[in-house]
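Visitor: Got a sequence here, can you build the structure:
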Amino acid sequence: IGGHGEALAKKHRRRNMSGIRGDKQDKILRYLRDFIDEHDFPPSIRDIQLACDIS
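Guide: Numbers count the residues shown, from 1 in each chain. Presented below is the predicted three-dimensional model:
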């Protein structure tokens, strides 16, 4: 990928990371925030999978 392709890919990543999320991503993010607020450390991958119904 040339310079233009790389710039386009970076722009796309920034846009997706700046607030365009799907329902599943929102569910995971809410779970992470709630878990960390309650426990002061992040959940394990397995905890996230179980809580958010993902494999």
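Visitor: Past the helix ranked longest in the chain, which element shows up next along the chain?
Guide: Of all the segments assigned as helix in the chain under DSSP state H, the longest by residue count is helix 23-39. Following helix 23-39 in sequence order, the next helix or strand is helix 45-52 (DSSP states H and E).
Visitor: And the contacts of that following helix?
Guide: If you take Cβ atoms under 8 Å, 6 or more residues apart in numbering as the criterion, helix 45-52 is touched by 24, 27-28, 31-32, 35, 43, 54-55. For the C-beta atoms, the positions are set from N, CA and C on the backbone; glycine is no exception.
Visitor: That helix versus helix 23-39: what angle between them?
Guide: Helix 45-52 and helix 23-39 are oriented at 120 degrees to each other (axes from the mean of the first three to the mean of the last three Cα atoms, to 10 degrees).
Visitor: Name the residues of helix 45-52 that are buried.
Guide: 48, 51-52 (16 or more other Cβ atoms under 10 Å).
Visitor: Repeat that for stretch 25-37.
Guide: For stretch 25-37, by 16+ other Cβ under 10 Å, it's 27-28, 31-32, 35.
Visitor: Low-confidence regions, this protein specifically.
Guide: Along the chain, segments meeting pLDDT under 70 span 1-19.
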